[in-house]
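> I'd like to go over a predicted model; first the sequence, then the structure.
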Amino acid sequence: MRYKALFIFSLPVSFSCADNSAGTATNRDNRANSYLYVKDIPLPEGFSRTAFPENSFAGYLRNTGLKKSNTVYLFNGQPKINQSAQFAVLNISVGQQNLQQCADAVMRLRAEYLFKERRFEQILFFDNDHAPYLFSEPYTRSNFNNYLNRVFGMCGSASLAKQLNPVAEFSDIKPGDVLIRGGFPGHAALVMDVAVNEEGKRIFLLAQSYMPAQDIHILKNPANPVLSPWYQVNDTEEILTPEYLFKRTELMRW
């Protein structure tokens, strides 16, 4: 069984899917977002987005809407304390319960894509004991939302890491891939987009939710503010995000 809990850390980069996000917001970023969709986020000069069909998972992620407000809110309507991590906020519901956290956000976007494509029989997740949670009729939005709440309550980073497949070469990164460290808690971030230049250099965008449950947001790149929010594929063994440190060996795929 998966238990939702809140752990408090004072470090700016923590090593679990936890955050001291309750209370009154400080350092809030209330700037309006001028981009309508993920695909509108500008590229560095010389880069172009890799080609994928519109009805692919990559196409769905690129066409995910962005909120006009750049503030991340928790499930209870309160603003998250740390408003410095996000470049933009996805226009995806966080729900009204403390459920849609890090790995849940990844599962949510994958399930939303399959639901949109009416590939209902493929909406399937497993808990840590490998018990299956298959979406079943009626194929309505209400039943879908109830199904996701069950999944979020019983599945998490540990179980999702078991369900996904390792990516052999990080340079092969694609939209829809997941940086994930399974644990209780662990953490997960979804690759939202990938671009390449004529020299073959690749860059990518990451999105996350966190604890407590909060809006899914596009992450800034704290290691390279000039390139931010894009991250560059290089030879470094670690990927520093605003609130977590991943290893390049933790890249996985559906």
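Looks like it came in fine.
> neighbours around the nearest residue to residue 157 once chain neighbours are set aside, how many?
Closest residue to residue 157 apart from its sequence neighbours, by Cβ to Cβ, 6 or more residues apart in numbering: residue 186 at 3.4 Å. Any C-beta I mention is one placed from the backbone N, CA and C, and that applies to glycine too. The tally of other residues near residue 186 (other Cβ atoms under 10 Å) stands at 20.
> Quick check, residue 186 in contact with residue 156.
Yes. With contact defined as Cβ atoms under 8 Å, residue 186 reaches residue 156; the gap is 7.5 Å.
> what residues are shared contacts of those two?
Shared contacts of residue 186 and residue 156, defined by Cβ atoms under 8 Å, 6 or more residues apart in numbering, comprise residue 103.
> mean confidence score for stretch 148-155?
Mean pLDDT, stretch 148-155: 98.
> Tell me how far that stretch lies from the chain's centre.
Its chain's C-alpha centre and that of stretch 148-155 lie 16 Å apart, by Cα atoms, centre = their mean, to the nearest Å.
> now the strands: where do they sit in the stretch 101-250 of the chain?
124-126, 132-134, 165-166, 178-181, 187-197, 202-208, 217-219, 231-232, 238-241, 244-247 (DSSP state E, counting those that start in this stretch).
> Which stretch among those approaches residue 87 most closely?
strand 217-219 (4.5 Å; Cβ to Cβ).
> Would you quantify the distance from the residue nearest to residue 157 to residue 146?
25 Å (Cβ to Cβ, to the nearest Å).
> can you tell which of the strands of the stretch 101-250 of the chain is closest to residue 89?
strand 217-219 (4.8 Å).
> list the helices and strands the closest one packs on?
Counting contacts by 3 or more Cβ pairs under 8 Å, 6 or more residues apart in numbering; DSSP states H and E, strand 217-219 packs against strand 86-89, strand 202-208.
> any idea of the angle the last one forms with strand 187-197?
Per axes from the mean of the first three to the mean of the last three Cα atoms, to 10 degrees, the angle that strand 202-208 makes with strand 187-197 is 150 degrees.
> What mean pLDDT does strand 202-208 get?
98.
> what's the answer for stretch 51-68, then?
97.
> What of stretch 71-89?
Mean predicted lDDT for stretch 71-89 stands at 98.
> Residues in a beta bridge with residue 252, which ones?
Beta-bridge pairing for residue 252 (DSSP bridges): residue 166, residue 178.
> Who are the contact partners of it?
161, 164, 165, 166, 167, 177, 178, 179, 180.
> quick one: which of those is most hemmed in?
Neighbour max across the contacts of residue 252 (other Cβ under 10 Å) = residue 179, 27 neighbours.
> all helices of the stretch 51-200 of the chain, in order?
Assigned by DSSP state H, counting those that start in this stretch, the helices in the stretch 51-200 of the chain fall at 57-62, 102-116, 141-154, 157-163.
> so which of the helices and strands packed on strand 217-219 gets nearest residue 228?
Of all the helices and strands packed on strand 217-219, strand 86-89 sits nearest to residue 228, with 6.9 Å by Cβ to Cβ.
> now for the closest one, which elements pack on it?
Counting by 3+ Cβ pairs under 8 Å, 6+ apart, strand 86-89 packs on strand 217-219.
> Just checking: what are the partner strands of the strand it packs on?
strand 86-89 (antiparallel), strand 202-208 (antiparallel).
> For these, give me JSON lines that also has distance to residue 41 and mean neighbour count.
Formatted as JSON lines, the strands paired with strand 217-219 follow (distance: least, Cβ to Cβ, whole Å; neighbours: other Cβ atoms under 10 Å):
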{"stretch": "strand 86-89", "distance to residue 41": "7", "mean neighbour count": "24"}
{"stretch": "strand 202-208", "distance to residue 41": "7", "mean neighbour count": "24"}
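> Among those strands, which comes closest to residue 76?
When the strands paired with strand 217-219 are compared by Cβ to Cβ, strand 86-89 sits nearest residue 76, at 16.3 Å.
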